[in-house]
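K.L.:
here are the coordinates; sequence isn't available:
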């Protein structure tokens, strides 16, 4: 029998998540703190078997113009081979969604996109979501290597740009102050205009940074040439990995290789923290050169690494009439954006 109850102890939660193989910051305590700062309702639930904690799940209520829904980012963190845990998970998200008047639950589990899990979620009553929840195709670098080995796995052009950046005198600065996110927001807005995507709000970025900065889990990297900002990136260091979560560049940054040195310095920071992996976050499919993120994906792929494809987001429908309207709008948006 599985007992599900709320967890209010940060240390209990963090001990479980950071020890769970494959977990990332999307199920961290601070990801929940960040969403609470935005005014979202969250729940931190623990799954207990025989009185022992055997799984955790952070849920977040999102209120859109078309629908109110529950999300489970990169979770729950449970043993998917355990049928009683799977049933407890579905029962719990149904309970929460119904109590909170959510029309559906969107889950992007931290499992691979393979037939086993595709079938498993179909059997549990989930359908493929029209939109992603978080990055589902990514690249991971194994950091248990020396610098020569890390460089050897890069593309020749990437190594060249990195070495050029070092010769040109480009410097990379680090900040843990949320106040510096104002400049990053402005740079991200410029990048969004060039690449035709919707930027995150200033509040969204600053609250996220604040939440992780409390525990020294985030750094804003800035590449400069003669005090001219070329590129910036917000990197989260959590559990066993570092995540290149957001990046942005200036028009000057397209002329000079600052982003390459920035990435290298972030890798070095992750190694100093003795982390095992560096996640370059979302990339476009390699066989889709027309994808709107193809350009930045080419940059990321230049550093090498292993492609990891997570199961795309799945929806558990609670109210079909309300869900149908939301599904139609998101499907149209997905096609228009070329995602």
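P.N.:
Received the coordinates, thanks. Because the structure is predicted, anything quoted here is derived from the model rather than measured.
K.L.:
give me the below-cutoff pLDDT ranges for the stretch 151-300 of the chain.
P.N.:
291-292 (pLDDT under 70).
K.L.:
quick one: the helices in it, in order.
P.N.:
156-168, 181-195, 202-213, 258-272, 294-301 (DSSP state H, counting those that start in this stretch).
K.L.:
touching the shortest one from outside, list them.
P.N.:
Where contact means Cβ atoms under 8 Å, 6 or more residues apart in numbering, the residues beyond helix 294-301 that reach it are 139, 155, 195, 244, 247, 259, 280-281, 283-284, 286, 288, 291. Backbone N, C-alpha and C define where each C-beta goes, glycine included.
K.L.:
next one: that helix to chain centre, how far?
P.N.:
The chain centre lies 17 Å from the centre of helix 294-301; the measure is Cα atoms, centre = their mean, to the nearest Å.
K.L.:
rewinding a little: please list only the buried members of the contacts of helix 294-301.
P.N.:
139, 244, 247, 259, 280-281, 283-284, 291 (16 or more other Cβ atoms under 10 Å).
K.L.:
report the two of these separated the most.
P.N.:
259 and 291 (19.1 Å; Cβ to Cβ).
K.L.:
re earlier: can I get the buried ones among the contacts of helix 294-301 in JSON lines with distance to residue 227?
P.N.:
Shown next, in JSON lines, are the buried ones among the contacts of helix 294-301 (distance: Cβ to Cβ, whole Å):
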{"residue": "139", "distance to residue 227": "32"}
{"residue": "244", "distance to residue 227": "24"}
{"residue": "247", "distance to residue 227": "20"}
{"residue": "259", "distance to residue 227": "17"}
{"residue": "280", "distance to residue 227": "28"}
{"residue": "281", "distance to residue 227": "28"}
{"residue": "283", "distance to residue 227": "31"}
{"residue": "284", "distance to residue 227": "33"}
{"residue": "291", "distance to residue 227": "34"}
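K.L.:
quick one: which of the helices of the stretch 151-300 of the chain is nearest residue 7?
P.N.:
Closest among the helices of the stretch 151-300 of the chain, using Cβ to Cβ: helix 202-213, at 17.5 Å.
K.L.:
the closest one: which residues count as buried?
P.N.:
205-213.
K.L.:
please apply the same query to stretch 171-189.
P.N.:
171-172, 175, 178, 180-181, 184-188.
K.L.:
of these, just say which sits nearest to residue 33.
P.N.:
So of those, ranked by how close each gets to residue 33 (Cβ to Cβ), first place is residue 178, at 13.4 Å.
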